[in-house]
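**Student:** I would like the atomic coordinates for the input below:
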Amino acid sequence: MDLAVVDLSRLQFALTALYHFLFVPLTLGLSFMLVIMESIYVMTRRPIWRTITKFWGTLFGINFAIGVATGITMEFQFGMNWSYYSHYVGDIFGAPLAIEGLMAFFLEATFVGLMFFGWNKLKPHAHLFVTFMVALGTNLSALWILIANGWMQNPVGAQFNPDTMRMEVVDFMAVLFNPVAQAKFVHTVSAGYVIASVFVLGVSAFYLLKGRHKAFAKRSMTVAAAFGLASSLSVVVLGDESGYALTDNQKMKLAAIEAMWHTEPAPAPLTVVGWPDMEAQKTHGEIKLPWVMGLIATRSLNGQVEGILPLVAVAETRIESGMLAYDALERVKADPDDVVARANFETHRNDLGYGLMLKRYVADPRTATPEQVRKAAWDTVPNVPLMFWTFRVMAGIGFAMIALFATAFVLCTLRKHETKWFLRLAVLALPLPWIAAEVGWIVAEMGRQPWAVDGVLPTFLGASSLTVPQLWATIIGFTVLYGALAVVEVGLILRTIRKGPFAEQEAFAADAADPEPDTPAPAGPAPVVA
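**Tutor:** Numbering: from 1, shown residues only. All right, here's what the predicted structure looks like:
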């Protein structure tokens, strides 16, 4: 496999995924914020809450359309850019994606039209139900996609079949209730709720700074403050749960996040800052908090967090076992009735993926040298400085969001919505949760490298047989297309915000006060002729 093709395929998928994830979390959060706002309208029947719901619903719709368009592109890439990956694990990975389309996407598609065009045709309770179903579908969509992604991080409920030469499902319930997938879902969805809350808070603050639509802005700001505080606290708590899930399932990712080169006595300290050096295999200028990492990762005072160097040694042992699995598999392919070969394969089957790591250096893993085995073992270490710093950016913004929403909640409770310094801060904070979400995905996906499916299929073996010019053409094409879509998206959102929440009513009032000049005056009664 041409590694340039692999790297460009990864780059293309990374660009499209990160671009798509600019829209997904805002859709997730705004959907349930609309449910809250419309529920208040249904309970109070105050027209301003209907206006609030319709305004934020318009922004939701703009974002929803772009999110759907960019998401479809990603699914096609599995067949076009990652064909061997799709062949090798498609039986497992494809099932959650198919269910997402049949259950969640169709649910959204069924009700989203009714939500936008049913305001004057449905009763308030019926329209609230429609809005709730759109929110449910949106979040169910995230659930099934993250079940698929969680399986890539922790491939449970499946095993390799030597007769079909593919991974197959053996326990779908294990795939469904994968602890890594569940932790990723609640953490990712909570992050989406924070993004939506910051968006509503920031736009409301902008209106208050400009002295426009104050009644609308204060109510929206209050909802955002309460929803955002609960969501930001959830992000940190559930992020801690995600870290705990790594302890048993992705030890190398956890060690890279902490730049922990050696296994330290329990409970391990948490490195707050430092400068990881992959060449020297150490971290310079470390500032550590005693015990904290051990408590977070193991929930105990005596559990160990394994370091990178011991894990590399484990990987080396598993690669040697994988060589035996590969040898047994080749013998089974030559003679399916070879009982001894099948028995040997069963003994070493869990390490077959590690044996495949050697294909980066040699066509037949059975002929690999000890030096090549050591290189392959070090390939299991992700980019430590990147993991270390992106995680800290994500975590730092997460704690900043708690402080932001706690302050907002207090000010709204005291009815001090127009506190100028805070309003300016809320506007400036708008990009922060998006930055945290993007670097969070970098932590999740780069931390899994060099695996497409952790411990099962190396990334470099999953790519299609494409050429470098083909990949550059599609990367440039996607960049131009997505750049244009971004301009359209931002332009529509800014235009909607500039017009304000009462644009529809103002336009109607203007039309009523100033009829078209070429509209003929109504004819009076015909003259009576004697």
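**Student:** buried stuff in the longest helix along the chain?
**Tutor:** Longest among the helix segments of the chain by residue count, using DSSP state H, is helix 214-249. The neighbour-count check on helix 214-249 (16 or more other CB atoms under 10 Å) flags 216-235, 238-240, 242-247, 249 as buried. Where C-beta positions appear, they are placed from N, C-alpha and C, glycine not excepted.
**Student:** What ranges does the stretch 251-400 of the chain have for its strands?
**Tutor:** Applying DSSP state E, counting those that start in this stretch to the stretch 251-400 of the chain gives strands spanning 270-277, 282-289.
**Student:** So which other helices or strands are in contact with the first one?
**Tutor:** Okay, so that is strand 270-277. strand 282-289, helix 292-298, helix 384-413 (3 or more CB pairs under 8 Å, 6 or more residues apart in numbering; DSSP states H and E).
**Student:** Can you list the strands that the first one pairs with?
**Tutor:** The strands beside strand 282-289 in its sheet (DSSP bridges) come out as strand 270-277 (antiparallel).
**Student:** got the contact list for the strand it pairs with?
**Tutor:** 258-260, 283-289, 292-293, 296, 384-385, 388, 392 (CB atoms under 8 Å, 6 or more residues apart in numbering).
**Student:** Which PyMOL command selects the buried ones in those residues?
**Tutor:** Buried residues within the contacts of strand 270-277, by 16+ other CB under 10 Å, are selected in PyMOL with:
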select buried, resi 258+259+260+283+288+293+296+384+388+392
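**Student:** rewinding a little: so which of the helices and strands packed on strand 270-277 is nearest residue 129?
**Tutor:** The closest approach between residue 129 and any of those, judged by CB to CB, belongs to helix 384-413 at 28.5 Å.
**Student:** Can you get me a residue count around the residue lying closest to residue 361 once chain neighbours are set aside?
**Tutor:** Setting aside the residues directly before and after it, residue 361 is nearest to residue 372 in space (CB to CB, 6 or more residues apart in numbering), at 4.5 Å. Counted with other CB atoms under 10 Å, the neighbours of residue 372 add up to 17.
**Student:** List the residues that contact residue 372.
**Tutor:** Residue 372 neighbours (CB under 8 Å, 6+ apart): 358, 361-362.
**Student:** will you turn the strands of the stretch 251-400 of the chain into JSON lines that also has distance to residue 458?
**Tutor:** Listed next are the strands of the stretch 251-400 of the chain as JSON lines, based on distance: least, CB to CB, whole Å:
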{"stretch": "strand 270-277", "distance to residue 458": "24"}
{"stretch": "strand 282-289", "distance to residue 458": "27"}
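**Student:** now those in CSV, with mean pLDDT and distance to residue 457?
**Tutor:** Shown next, in CSV, are the strands of the stretch 251-400 of the chain (pLDDT from 0 to 100; distance: least, CB to CB, whole Å):
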stretch, mean pLDDT, distance to residue 457
strand 270-277, 93, 27
strand 282-289, 92, 31
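**Student:** among those, which is nearest residue 488?
**Tutor:** Going by CB to CB, the one of those nearest residue 488 is strand 270-277, 40.4 Å.
**Student:** counting contacts, what elements does the longest helix of the chain pack onto?
**Tutor:** helix 24-44, helix 47-80, helix 179-210, helix 251-257, helix 292-298, helix 384-413.
**Student:** Can you give the distance from it to the centre of its chain?
**Tutor:** Averaging C-alpha positions (CA atoms, centre = their mean, to the nearest Å) puts helix 214-249 15 Å from its chain's average.
**Student:** avg pLDDT for that helix?
**Tutor:** For helix 214-249, mean pLDDT is 91.
**Student:** quick check: angle from that helix to helix 24-44?
**Tutor:** Between helix 214-249 and helix 24-44, the angle comes out at 130 degrees (axes from the mean of the first three to the mean of the last three CA atoms, to 10 degrees).
**Student:** circling back: of the strands of the stretch 251-400 of the chain, which approaches residue 24 most closely?
**Tutor:** strand 270-277 (30.3 Å).
**Student:** can you give me how far the closest one is from the chain middle?
**Tutor:** For strand 270-277 - counting by CA atoms, centre = their mean - the centre lies 26 Å from the chain centre.
**Student:** What are the buried residues along it?
**Tutor:** Buried residues in strand 270-277 (16+ other CB under 10 Å): 270-271, 274, 276.
**Student:** residues in contact with residue 150?
**Tutor:** 178, 180-185.
**Student:** and those as JSON lines, adding distance to residue 71, pLDDT and neighbour count?
**Tutor:** Below are the contacts of residue 150 laid out as JSON lines (distance: CB to CB, whole Å; pLDDT from 0 to 100; neighbours: other CB atoms under 10 Å):
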{"residue": "178", "distance to residue 71": "22", "pLDDT": "93", "neighbour count": "25"}
{"residue": "180", "distance to residue 71": "22", "pLDDT": "91", "neighbour count": "25"}
{"residue": "181", "distance to residue 71": "18", "pLDDT": "92", "neighbour count": "25"}
{"residue": "182", "distance to residue 71": "22", "pLDDT": "91", "neighbour count": "19"}
{"residue": "183", "distance to residue 71": "22", "pLDDT": "90", "neighbour count": "24"}
{"residue": "184", "distance to residue 71": "17", "pLDDT": "90", "neighbour count": "26"}
{"residue": "185", "distance to residue 71": "17", "pLDDT": "93", "neighbour count": "22"}
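**Student:** Take those and lay them out in TSV including distance to residue 485.
**Tutor:** Shown next, in TSV, are the contacts of residue 150 (distance: CB to CB, whole Å):
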residue	distance to residue 485
178	33
180	32
181	29
182	32
183	32
184	27
185	27
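**Student:** one step back: can you pick the most crowded of the contacts of residue 372?
**Tutor:** Of those, with other CB under 10 Å as the count, residue 358 tops at 25 neighbours.
**Student:** so who does that residue touch?
**Tutor:** Contacts of residue 358 by CB under 8 Å, 6+ apart are 319, 322-323, 365, 368, 372-373, 376.
**Student:** and the gap between residue 444 and residue 104?
**Tutor:** 21 Å (CB to CB, to the nearest Å).
**Student:** Go through the helices and strands packed on helix 214-249 and find the least confident stretch.
**Tutor:** Among these, helix 292-298 carries the lowest mean pLDDT (a mean of 86).
**Student:** Check what contacts that one and list those residues.
**Tutor:** If you take CB under 8 Å, 6+ apart as the criterion, helix 292-298 is touched by 240, 243-244, 246-247, 254, 258, 260, 266-271, 300-301, 303-305.
**Student:** my guess is residue 119 meets residue 128, correct?
**Tutor:** No: between residue 119 and residue 128 there is no contact under CB atoms under 8 Å: 11.2 Å.
**Student:** Would it be right to say that residue 452 lies in a strand?
**Tutor:** Yes: using DSSP: H, G, I helix; E, B strand; the rest coil, the assignment for residue 452 is a strand.
**Student:** quick revisit: of residue 119 and residue 128, who's got more company?
**Tutor:** residue 128 (20 against 15).
**Student:** Please identify which helix or strand holds that one.
**Tutor:** In the assignment (DSSP states H and E), residue 128 maps to helix 124-153.
**Student:** buried ones in the helix or strand following that helix?
**Tutor:** The first helix or strand that comes after helix 124-153 along the chain, using DSSP H and E, is strand 158-161. In terms of neighbour count (16+ other CB under 10 Å), strand 158-161 has its buried residues at 158-160.
**Student:** And strand 158-161, what does it pack against?
**Tutor:** Using 3+ CB pairs under 8 Å, 6+ apart: strand 158-161 touches helix 83-99, strand 166-169.
**Student:** Name the surrounding residues that touch it.
**Tutor:** So strand 158-161 is contacted by 89, 91-92, 151, 166-171, 175, 349, 352, 456 (CB under 8 Å, 6+ apart).
**Student:** With adjacent residues omitted, what lies nearest to residue 464?
**Tutor:** residue 83 (4.1 Å).
**Student:** That neighbour and residue 98, how far apart?
**Tutor:** 18 Å.
**Student:** So those two - more neighbours on which side?
**Tutor:** Using other CB under 10 Å as the criterion, residue 83 and residue 98 rank with residue 83 on top: 16 against 12.
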